[in-house]
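Student: I would like to see how this sequence folds:
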Amino acid sequence: MMKKTILAAGAAVLAMGTVAYAAPGMMAEKGPVTLAEAQTKSAAMFDRMDVNSDGKIDAADREARVKERFTRLDTDGNGSLSLEEFTEGREMRGKRGEGMRDHHGKRGQGMHMMGKMADTNNDGTITRAEFDAGVQAHFAKMDANGDGTVTVEERQAAREQMREAWKERREARQAN
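Tutor: Residues are numbered from 1 along each chain as shown. Modelled structure (predicted):
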């Protein structure tokens, strides 16, 4: 019973990561970022997430990524996660994802919301065109003066706006 619980919890944690299309890593940059730089990072991210290289991110890609993550966590290769393997995996993710948590609160929730925004026709699939349009729209929102470069100050202002919007949505959900 314990193994099944750990396995189910592990699968749930692994399945949370969807699309962080909003100029990936841009919020963590130390200096200014141009649209071209954001697009280059985004293209690389899309290519990594499009596991089967079919030009879209869909359920098949998400399933493949979950399997890859599970395989990395299952260090003894026995097809199930022990408490030790699960705990070690969580600790490693925590070390790698500290920056994301700082910017997005709960990492899975922020990633899920960004994925929903990128999927403009709500068909459960994010095409390269949807992904690229999302990057450009997000960049334009952050680029307050429209000069094609997002400065540290513009990123900080955008981060605060996102935090406020998420806080308002969370409070509205709790009120219902």
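
Student: report the buried residues of the lengthiest helix in the chain.
Tutor: Determined from DSSP state H, the single longest helix within the chain is helix 152-175. Under the neighbour-count criterion of 16 or more other C-beta atoms under 10 Å, helix 152-175 has 154, 155, 158, 162, 166 buried. Backbone N, C-alpha and C define where each C-beta goes, glycine included.

Student: so where's this protein shaky on pLDDT?
Tutor: Low-confidence segments of the chain, defined by pLDDT under 70: 1-29, 93-115.

Student: which residue ranges of it form strands?
Tutor: Ranges of strands within the chain are 33-34, 56-57, 126-127, 149-150, based on DSSP state E.

Student: for the ones you listed, give me TSV that also has distance to residue 143 and mean neighbour count.
Tutor: As requested, the strands of the chain are exported to TSV (distance: least, C-beta to C-beta, whole Å; neighbours: other C-beta atoms under 10 Å):
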stretch	distance to residue 143	mean neighbour count
strand 33-34	9	18
strand 56-57	25	24
strand 126-127	23	22
strand 149-150	5	23
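
Student: take the ones you listed and lay them out in a markdown table including distance to residue 116.
Tutor: Below are the strands of the chain laid out as a markdown table (distance: least, C-beta to C-beta, whole Å):
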| stretch | distance to residue 116 |
| --- | --- |
| strand 33-34 | 24 |
| strand 56-57 | 13 |
| strand 126-127 | 10 |
| strand 149-150 | 23 |
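
Student: the ones you listed: which one's closest to residue 139?
Tutor: strand 149-150 (6.6 Å; C-beta to C-beta).

Student: and that closest one, how far from the chain's centre?
Tutor: With C-alpha atoms, centre = their mean, to the nearest Å as the basis, strand 149-150 stands 21 Å off its chain's centre.

Student: report all helices and strands that it contacts.
Tutor: Helices and strands touching strand 149-150, as assessed by 3 or more C-beta pairs under 8 Å, 6 or more residues apart in numbering; DSSP states H and E, comprise strand 33-34.

Student: now the helices for the protein?
Tutor: Going by DSSP H, the chain shows helices at 2-15, 35-49, 59-73, 83-96, 98-104, 107-118, 128-142, 152-175.

Student: what's the angle from the longest one to helix 128-142?
Tutor: Taking axes from the mean of the first three to the mean of the last three C-alpha atoms, to 10 degrees, one finds helix 152-175 and helix 128-142 inclined to each other by 110 degrees.
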